[in-house]
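[1] Here you go, sequence then predicted model.
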Amino acid sequence: MALVVQKYGGSSVADADGVKRVAQRIVATKKAGNDVVVVVSAMGDTTDDLIDMAKQVSPLPPGRELDMLLTAGERISMALLAMAIANLGHEARSFTGSQAGVITDGSHGKAKIIDVTPGRIRTALDEGSICIVAGFQGVSQGTKDITTLGRGGSDTTAVALAAALDADVCEIYSDVDGVFTADPRIVPAARKIPKISYEEMLEMAASGAKILHLRCVEYARRYNIPIHVRSSFSQKEGTWVVDSSEIEGQDDMEQAIISGVAHDRSEAKITVVGVPDKPGEAAAIFTVLSEAEINIDMIVQNVSAASTGRTDISFTLPSTDGQSALTALNKLKERIGFESLRYDDRIGKVSLIGAGMRSHPGVTATLFGAIADAGVNIEMISTSEIRISVVVAQDDIDTAVAAAHHAFDLDAEQVEAVVYGGTGR
C-alpha cells in the first residue's frame, strides 16, 4: 500500500462540478489500494475576491486579520470536497492547516513552515479515512495565530506533508498536463517534459515558470520527495520532478541540452545613476534594500567613467517592491551622493534553463543570435551554471521566448499542450 499526497489548485475545484470530478479521482486513488492525503486550494478566484473585499473595508488591513479572512477560502473547499467524497461512499475528514500540524513562524502573509506534526492525519489514515487538508495555511509557533504561506503555499503544504508522512509521491494537479518547455499560451508548440531534475525545476520556478512554486521545489529537493505534476482534467501522465541521478545516464532519457524557456513579467529595473566609485557604496545601497526586505534578482554595474570617477548600478526586483525601494534609496541620496534614480517597470525576464549546457559550448551564442535575429534588444544579462537570463522590453517578451524556443529545437511536431482551465495553476 502506497501513501499518496495530492494537491489540487483553485482551477481544479472552481465550481461544484469541479469538486465532484476531483472527488471521483481521489476515490479512484483510494480504491487502487493507496492511503490518500489531499491538499486543496481555495475555489477559483476566491482568495483574490477576499483580498479585494478586505481592501474595500480597509486600505491597510492588519496582517493577523487578513490571514484569518484568507484562510476561509481553503476551509470552504476542503469541507465541500469531503462532502463530495462522502457521497461516493468513502469517509473523508477535513483538517485546517493548524489541525494538520503545519507549524510556521509568525510572519503574516508569507509565513515559512518550521515543522509539520501530522499526528491527527496519521490517526485518520490508520482508521481508513481520506484526509483533506486546507493548503496555504498553518499556525504560528510563537503566537498560535493562524498564518498564511503566501502565493504557492498550497504546493508547499503538500510537499511538507509528504515529507512528514514519508509519502511515496506528491502529485500536484493543475489545469495543464505537466511542465512544458515554455508557456503554451506563448508557444503553442511547446513540448511536455517527461522528467526534470529538482535543480532545473528550481531555476525554472525562480525564472517565472508558474507551474510549481519555488519553495515547494526546494522542500521536495531537501527531502527527496518525487513530485508528479499533472492535470486534474485528464488521465495523462504528467511531468516527474526527481533527483538528477534518476535522469542522467538513462539510455531512453538522453539528457537534453535545454529543458525549457521561462519568462517573468513581474519584475522592474532600478538604475542608480552616478554612484561614486569607491569601496562601500554598493554595500550601502544593497544593505538599505535588504533592511526593507526587498529581494534583488539581477545586478549590473557599469565600468567607472575615468573622467568622473562615477558608475551606474542597475538591478531588477519585483515590481510590487518598486516604490518601497525608491523610497529607501532616496533616503541614501545625500549620504552616498549619487546623481539620480531611474525606474522602469516595462521590462521582462527571459531565461534559458538546462543542465546540458554545462557540457555544450555555444549555448550563449545561439541564444543571443536568435534574440538578435528576432529584432529584440537585450538590456541585462545574468547566468548560473544551468541558466542564462536576459532582460528585454516587456513588449518583446513573447517574441524572445518564441525565438529562443525555436533556436534550440524545442518545438513539438504537433500541439501537445492543452490548457483545460484558464490560469495554469
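    In hand now; what should we look at?

[2] Give me the pLDDT value at the spatially closest residue to N224 that is not a sequence neighbour.
    Distances taken as C-beta to C-beta, 6 or more residues apart in numbering place D243 nearest to N224, at 6.2 Å, with adjacent residues excluded. C-beta here means a position set from N, CA and C on the backbone, and glycine is covered the same way. For D243, the pLDDT comes out at 93.

[3] and the one helix or strand Q6 maps to, which strands flank it?
    Q6 is located in strand 3-8, with elements delineated by DSSP states H and E. Using DSSP bridges, the strands paired with strand 3-8 are strand 35-40 (parallel), strand 169-174 (parallel).

[4] if we look at the last one, which residues are touching it?
    It stands for strand 169-174. For strand 169-174, the external contacting residues (C-beta atoms under 8 Å, 6 or more residues apart in numbering) are 2, 4-9, 11-12, 22, 25, 155, 158-159, 162, 211-212, 216, 220, 225-232, 421, 424-425.

[5] make it 7 Å
    When contacts are defined by C-beta atoms under 7 Å, 6 or more residues apart in numbering, strand 169-174 is touched by residues 4-9, 11-12, 155, 158-159, 162, 211-212, 220, 225-232, 424-425.

[6] Hmm, Y219 is touching T157, no?
    No - the pair Y219 / T157 is not scored as a contact, 9.7 Å apart, by C-beta atoms under 7 Å.

[7] Neighbour count: the two, which is higher?
    Counting neighbours by other C-beta atoms under 10 Å for Y219 and for T157 shows that T157 has the greater number, 30 against 22.

[8] hey, which helix is longest across this protein?
    The longest helix of the chain (DSSP state H) is helix 63-87.

[9] what's downstream of it, the next helix or strand?
    Next helix or strand after helix 63-87 toward the C-terminus (DSSP H and E): strand 92-95.

[10] which strands and helices sit next to that next one?
    Contacts defined by 3 or more C-beta pairs under 7 Å, 6 or more residues apart in numbering; DSSP states H and E place strand 92-95 against helix 63-87, helix 119-126, strand 130-134.

[11] out of those, nearest to A412?
    A412 lies closest to helix 63-87 among those, at 34.0 Å (C-beta to C-beta).

[12] hmm, who's touching the closest one?
    Outside helix 63-87, the residues that reach it (C-beta under 7 Å, 6+ apart) are 13, 19-20, 22-23, 26-27, 38, 40-43, 46-47, 50, 54, 92-94, 96, 108-109, 130, 132-137, 145-148.

[13] In a markdown table, list the strands paired with strand 3-8 along with distance to T104.
    What follows is the strands paired with strand 3-8, written out as a markdown table (distance: least, C-beta to C-beta, whole Å):
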| stretch | distance to T104 |
| --- | --- |
| strand 35-40 | 15 |
| strand 169-174 | 19 |
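
[14] Out of those strands, which one sits most buried?
    For those, the largest average neighbour count (mean count of other C-beta atoms under 10 Å) is found in strand 35-40, namely a mean of 29.

[15] helices or strands up against the helix or strand that that strand is followed by?
    With elements assigned by DSSP H and E, the helix or strand that comes after strand 35-40 is helix 46-57. If contacts are counted by 3+ C-beta pairs under 7 Å, 6+ apart, helix 46-57 sits against helix 63-87.

[16] The helix it packs on to strand 3-8, inter-axis angle?
    Put simply, helix 63-87 runs at 110 degrees to strand 3-8, going by axes from the mean of the first three to the mean of the last three C-alpha atoms, to 10 degrees.

[17] returning to what we had before: and the helix or strand just after the strand holding Q6, what other elements does it pack with?
    Downstream of strand 3-8, the next assigned helix or strand under DSSP H and E is helix 16-31. On a contact count with 3+ C-beta pairs under 7 Å, 6+ apart, helix 16-31 meets strand 3-8, strand 35-40, helix 63-87.

[18] what's the most buried one of these?
    Highest mean neighbour count among the helices and strands packed on helix 16-31 (mean count of other C-beta under 10 Å): strand 35-40, with a mean of 29.

[19] Let me know the angle separating that strand from helix 16-31.
    Using the same axes, to 10 degrees: strand 35-40 against helix 16-31 is 160 degrees.

[20] Right, I'll call it a day here.
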